[in-house]
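**Student:** I'll drop the sequence and a predicted model, then ask my questions.
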2 protein chains.
Amino acid sequence: MGATKSLEFSAKENRLAKYAKALAHPARVAILQLLAKKQACVCGDIVDELPLSQSTVSQHLKELKDAGLIKGDIEGAKVCYCIDEKEWKAAQSSLNQLFDSFKSGSNCC
Amino acid sequence: MGATKSLEFSAKENRLAKYAKALAHPARVAILQLLAKKQACVCGDIVDELPLSQSTVSQHLKELKDAGLIKGDIEGAKVCYCIDEKEWKAAQSSLNQLFDSFKSGSNCC
DNA sequence: TAATTATATCGCAATATTACGATTGATTTT
DNA sequence: AAAATCAATCGTAATATTGCGATATAATTA
């Protein structure tokens, strides 16, 4: 055992979990902050900003890309990473939908 | 190796990652949905709603509690779980802060 | 074209997560 | 008091994540 029982849950729940998982590491949060502020789009610049090796950063970038939150544009030898606006908004809305489903003061205990 | 280098990142980044991690599993998303809708506060009711064993659900509840998102009230032999309103809002705000730091159309590529 | 630069991927080790049955320690119920 | 119920924890197995060095591949520069 140990495999996640994803199939037992709804598509919506899995989608939300997927987005959350992408944000579930401080390095990936840091990368997204950089990209959001547009201070570093090129992979190498991101590597320079983080206390991690090139290969590790590359892996985190891949995870963010797999989650759909960012996309990479090849520019010659370099790669320019950017936030995927559409998915970014989908993720935010997905998360807020959960948060907003709780009404203030409606707690049973 | 393999240990997360949390200490190399800011408190803010780690806090956001901590909240995201709590939401990074469909079972925990499902639990929070239930609690938000207040249809099931008692641990046993949550177990009945999920396709997971009692011990596994208990573990997920513990993780949500450790992240601060929920709290458990002992009511005799039962335990009533509820969303922690304060942390819930803190988590939402923390996440939205990141999402809102990206301005539409400001992409470099 | 050779050397350099930029990024991705492979292989591995360490650690963390997911899941469950069994057990434990409480509270209720009988 | 004995039996049943509720939920946390322990132990363990399977799987996933994190991290890095080494290597591979592609583009750029000398």
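**Tutor:** The structure has been received and is ready for your questions.
**Student:** Compute the number of surrounding residues for A:Ala27.
**Tutor:** Each residue near A:Ala27 was counted by other CB atoms under 10 Å in any protein chain shown, and the total is 24. The way it works is simple: take the backbone N, C-alpha and C, and place the C-beta from them, glycine included.
**Student:** go on, A:Ser10?
**Tutor:** Residues near A:Ser10, counting by other CB under 10 Å: 12.
**Student:** who touches it in this structure?
**Tutor:** By CB atoms under 8 Å, 6 or more residues apart in numbering or on different chains, the contact set of A:Ser10 is B:Pro26, B:Ala30.
**Student:** ok, now with 6 Å
**Tutor:** Residues in contact with A:Ser10 (CB atoms under 6 Å, 6 or more residues apart in numbering or on different chains): none are found.
**Student:** next one: the one 3 residues further on
**Tutor:** If you count contacts by CB under 6 Å, 6+ apart, A:Glu13 has them with B:Pro26, B:Val29, B:Ala30.
**Student:** which ones are touching the last one?
**Tutor:** Which is B:Ala30. Per CB under 6 Å, 6+ apart, neighbours of B:Ala30: A:Glu13.
**Student:** where's it, which helix or strand?
**Tutor:** Assigned by DSSP states H and E, B:Ala30 belongs to helix B:26-37.
**Student:** List the buried residues in that helix.
**Tutor:** B:Pro26, B:Ala27, B:Arg28, B:Val29, B:Ala30, B:Ile31, B:Leu32, B:Gln33, B:Leu34, B:Leu35, B:Ala36 (16 or more other CB atoms under 10 Å in any protein chain shown).
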